[in-house]
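*Asks:* 3D model of this:
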Amino acid sequence: MTPEKTARILRQTLDPKHPVTTYNLGALMWSGFPALQPYPPKRIHELRLVLGGYEPPENFRAEGGYVAFTEPIGANKLSVHEERFTAEQPPGYPAPLSTTFQLGSQLDGLNHVGAAGLFYNGLRGRDIARGHGTTRLGSENIGPIVTRGVLLDVLGVKVATRQSSDLGSPASNGAPVLRPNYRITVNDIKQAMDFGRIDRIEPGDAVLLRTGWNQLLARRDAGDLARWGGSGGVPGIYLREARYLAKFRPAIIGSDTWTLEVFGNPVNEDGTIIPVHQELLMRHGIRIGESYALDELARDRVYEFAFIVTPQFVEGATAGNTPPAALGQPKHG
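*Replies:* The predicted model follows:
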């Protein structure tokens, strides 16, 4: 990504003669938001309200709220609200640990996944790991991203061409989703490009694959959430597809699932663990976007757009979970 590319994307992607819609590509976070739990301490998002300057409502404390003070302060009788997050104390650690950026709509950093203690650009974990984070490759090095976004609507292709064997049971709200362990193939990628009339993927692009998976979050239904978490697998790409996309040198490859890569498929029986993350982050320097909300883009047939994200400016962090946005022009009729 370069300043020249950003300027060109804003000029070429958005027609000044037509209105522009701003799309929120972030999944709504709520207390108890589901997350993969690969090892302790847990990935949790449990927000608690801290209030001050008035008497709390009934059951506020029972619901987990915290009252800092009840009398308004200052000559202007100030009352306040803030948030805090609950924490869990892992075994053998002296203090509770709270939330993580590796939860919700997120952009994985190059320091997130490596192999045998080696990370992107040959950096050794023991050389860059410190108690507060990593000294190289952290989120402070990402910066605001404004680039060309490309939607590969794999689900839209399957629905439009009635490839029902590749679809799973609908979400509880009736929305279609891909089969839980469906492997998105190179041919699927090419079909999605044709479907969206995308003639090329360029260096520095953000390439986003739609499976419909985030619809399983819509109603917070227990069965949907279990499916979302991978009880029967998760649709996504595998190594061949990752390498195929990587040859175009995009800056980001993402999807609406929490993993991007397929789970529960026979290809996962080779004993490896999240090898697509290793391939993209460690070997190619391509960041991974997870749990992006892509259905509104698909609804409006916006397959090329200006993609915008500003991850948290946090030294040594392994991800940023600020929701991305898209500037696009809906196609109606």
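
*Asks:* all helices for the stretch 151-300 of the chain, in order.
*Replies:* 154-160, 186-195, 222-228, 239-246, 275-277, 295-299 (DSSP state H, counting those that start in this stretch).

*Asks:* touching the last one from outside, list them.
*Replies:* What it means is helix 295-299. By C-beta atoms under 8 Å, 6 or more residues apart in numbering, the surrounding residues in contact with helix 295-299 are 23-25, 151, 153, 155-156, 175, 210, 212, 214-215, 256, 303, 305, 326, 328. For every residue, glycine as well, the C-beta is placed using N, CA and C.

*Asks:* can you check the longest one too?
*Replies:* Helix 186-195 is contacted by residues 152-154, 156-157, 160, 198-199, 201, 209, 240-241, 244-245, 303 when judged by C-beta under 8 Å, 6+ apart.

*Asks:* what is the helix or strand of the chain at the bottom of the mean pLDDT ranking packed up against?
*Replies:* Lowest by mean pLDDT, DSSP states H and E among the helices and strands of the chain is helix 3-13, with a mean of 82. Here helix 3-13 touches strand 145-152, strand 304-309, going by 3 or more C-beta pairs under 8 Å, 6 or more residues apart in numbering; DSSP states H and E.

*Asks:* which among the ones you listed is found nearest to Q106?
*Replies:* Distance to Q106, taken as C-beta to C-beta, is lowest for strand 304-309 among these, at 9.9 Å.

*Asks:* for the closest one, C-alpha coordinates in CSV please.
*Replies:* Presented in CSV, the C-alpha positions along strand 304-309 are these (Å, rounded to 0.1, in the frame of the first residue of the first chain):
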residue,chain,number,x,y,z
GLU,A,304,-15.3,-3.0,-5.2
PHE,A,305,-15.0,-0.2,-2.6
ALA,A,306,-12.6,1.9,-0.6
PHE,A,307,-11.7,-0.2,2.5
ILE,A,308,-10.8,1.7,5.7
VAL,A,309,-9.5,0.4,9.0
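
*Asks:* average model confidence for it?
*Replies:* Strand 304-309 shows a mean pLDDT of 96.

*Asks:* partners of that strand in the sheet?
*Replies:* strand 145-152 (antiparallel), strand 325-328 (antiparallel) (DSSP bridges).
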